[in-house]
Structure formats: C-alpha cells, structure tokens
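>>> Attaching a predicted model along with its sequence, questions to come.
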Amino acid sequence: MTVLVTGIAGFIGMQTAERLLDRGEHVIGVDNFNSYYPVELKEARIARLETIADGRLTVHRVDVGDETALGAALANESFDAIVHLAAQAGVRYSIDNPAAYVRSNLAGHLNILELARHRAVRHLVYASSSSVYGANRTMPFRVEDRVDHPISLYAATKRADELMSETYAHLFRTPQTGLRFFTVYGPWGRPDMALWKFTSAILDGQPIDVYNHGDMRRDFTYIDDIVAGVIASLDNPPADDGQAKPGGFTTPHRLYNIGNNRPEPLMDLIREIEKACGRQAQLNLLPMQDGDVPETYADIEAISRDLGYQPKTDIRAGVATFVAWYRDYHGI
C-alpha cells in the first residue's frame, strides 16, 4: 500500500510515516517546512525517516493550502490512502496570526478532500483536535457532545474541517475518519508545547510560565499511543452502510477521541519533569490565557470498542523518555 502523509515533517506526521515504513508500506510525504518553529527539527525528522525508508519514501516540499502547487507536485503520484496531518497548530498563535489557519486548516483541508474525491482513495484519516470541545464543561469529552462553542480560531477551523469532511462523505461517499487528538507529547515533539518548554527552561535554570496558577489538567497522550490509533483507524475504514457512526454521522465518516483517558494535574507533569531533569523548577504563576481551557479529558470508549485502542504509556514513563531524548537531541 502507498500512503500519502501530509505534514510529514511534523511531530505526529513523522512518527506515523515511520510506523508505516517499518511495516513495509510506501510513503509519499507533503510538508511546507514553515518556520512556525525551527526548520532544523523538521529536517532532522525527515533525515531519520530516510535512514529506514529503503527507497520507499518520497517527500514533496509544498503547501497543502496551495491548490495549484499541490496538484502539480502530486500529478504523477499514485496512492491508496491519505493520512492528513498538515495544519497550522497552536491555540495561542491563532489569536495573532489568523490568516495562517485559514490557509492551512481550511483551504488545505478542502484541497485534500478534493484529492481524496478525485483519486477515489480507500480511506482519508485526518487530524482534528480536542480543542473543538471549547467551553464544554461536561467531563469526559465525548464525540457525541455538542461542539458549537469554540473559544479559539484554531478550534473553529478544526470543527469546520469535520463539517467539510461530512459534506464530502455525504456527497461523494468518501470514507473518512477524523481524530480528535488530546495533548500529544513525546520524543521529536514540538518546541511550542509545554513539555518541551518546561524541560528546556528547567535544564537552563530559567523560570517557567504556569497558567491559571497551575490549576490545569490535561489528558496527556504519548506519541506511540497516538500513532497506534492513527494506524488502527487507517486500516479500518468506516462502512457505507447507513448506520450511525461515532460522531453521529450515517455516512462513511466517523469521529474518534484519541487520548489517555486520564487527565493529569499540570503540577504533576512539572514534578515528573523535575525528577527526570534532576532539578527543581522555578514557577512563574500566571492567570489563564485567552483561548485556553482548565481541563481536557477524553472519553475513548468508541475507538476502544471499534478498533481495540488502549493507551499504554503513563506520564511518568513518557516524560522520562522525552527528557532522555531531549538531552540526546541537544547533546546535553
């Protein structure tokens, strides 16, 4: 099987591609290598993939939001399925740079839907986000919950992606699975995320910004568990049988939460980083930021029932593994 992976130089994209290559698949990758965070990290991820690809990897440096460039790059490529992970990430960044989210998350998603439609792929798996739950205060978050009260533009674009996908599933019967990721962390992660920022500051002896005065809980999900869910979803397209799917659709389109099903206090995360670093954090306690929520908690009953998904990595093991990787990557 040949799989198109968008966002292949990203955190989840690179590790999904690695899992596909490990099991013998061919991978066509797309990424624009933008400068939202250091491009050197993205290049290092691709270099790692190339060491195991054995000629089964092709990477196109193109923006999914550019319909013409994307079409030209893939004109002579054939693929059986798509894992669409390219997006402009970050809740807080969307407040200052909204246009980047319209291009990447809205236009980009539409362009991938058109590819899936015209290439008649067997399955399109795409990244949504736990951010779609917005101001929802009912825990845990369920895929059946209403998600029409986003509190960031990022969240609004991800919900829009889900609705566009439903339209294509209805009109063109394109099989799709949308995955609402919950606070993914682990080796090769993003520098803008809390685990990376906290680890970097603690090792450098710098204070860390802790929002809502530390009264936050997150359903931290280790990257290996996320990738296991992505691959299980890819291998099991939803049936076009008129039956209701997770998320409430009767088309060949479903939604799943992928989380650890265990919200952890932010201060517990910090304590685990301190243990792994062997140093104490200096805390700069701050109020809640705009666009943020105090707690996330994934109900994973649907994906567990349908695909056998079960997260295996707790925060203690996951943080220790990340810090060890971080030290090795930076040579410290």
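Cool, got the structure.
>>> quick one: Arg159 is in a helix?
Yes - counting by DSSP: H, G, I helix; E, B strand; the rest coil, Arg159 falls inside a helix.
>>> Once you drop chain neighbours, what's closest to it?
Using C-beta to C-beta, 6 or more residues apart in numbering and skipping the chain neighbours, the partner closest in space to Arg159 is Val132 (4.6 Å). Backbone N, C-alpha and C define where each C-beta goes, glycine included.
>>> I'd like to know how far that neighbour sits from Ala155.
Look at Val132 and Ala155: by C-beta to C-beta, to the nearest Å, they are 5 Å apart.
>>> Phi, psi for the residue nearest to Arg159 please.
phi -60, psi -20 (degrees, to the nearest 10).
>>> Same check on Leu285?
phi -80, psi 130.
>>> Show the contacting residues for it.
Val210, His213, Gly214 (C-beta atoms under 8 Å, 6 or more residues apart in numbering).
>>> again, but for Leu85
Val5, Thr6, Gly7, Ile8, Gly10, Ile12, Gly13, Thr16, Tyr126, Ala127.
>>> other SSEs contacting whichever strand or helix holds Lys275?
Taking DSSP states H and E as the criterion, Lys275 maps to helix 266-277. Packing partners of helix 266-277 (3 or more C-beta pairs under 8 Å, 6 or more residues apart in numbering; DSSP states H and E): helix 194-204, strand 207-210, strand 217-218, helix 315-330.
>>> Ok, which of those comes nearest Gln280?
helix 194-204 (7.8 Å; C-beta to C-beta).
>>> hang on, isn't Ser128 packed against Phe182?
No - between Ser128 and Phe182 there is no contact, the gap being 10.8 Å when judged by C-beta atoms under 8 Å.
>>> any idea how far Met117 is from Val91?
Just so we're on the same page, residue 117 is Arg rather than Met. For Arg117, the distance to Val91 - C-beta to C-beta - is 30 Å.
>>> nope, Phe249 is what I was after
26 Å.
>>> do the same with Met14
22 Å.
>>> if you count what's nearby, which of those two comes out ahead?
The residue with more neighbours, out of Met14 and Val91, is Met14; 26 against 18, by other C-beta atoms under 10 Å.
>>> Let me see the confidence value for that one.
pLDDT for Met14: 98.
>>> contacting residues around it?
So Met14 contacts Ile8, Arg45, Ile46, Arg48, Leu49, Trp188 (C-beta under 8 Å, 6+ apart).
>>> same thing but at 7 Å, please
Ile8, Arg45, Leu49, Trp188 (C-beta atoms under 7 Å, 6 or more residues apart in numbering).
>>> now Leu179
Val125, Ala127, Ser128, Gly229, Val230, Ser233, Tyr256, Ile258.
>>> Check the secondary structure at the fourth one for me.
Pointing back at Gly229 there. helix.
>>> swap in the first one?
Secondary structure of Val125, reduced to three states by three-state DSSP: strand.
>>> How much space separates it from Thr183?
Plainly put, Val125 is 19 Å away from Thr183 if you go by C-beta to C-beta.
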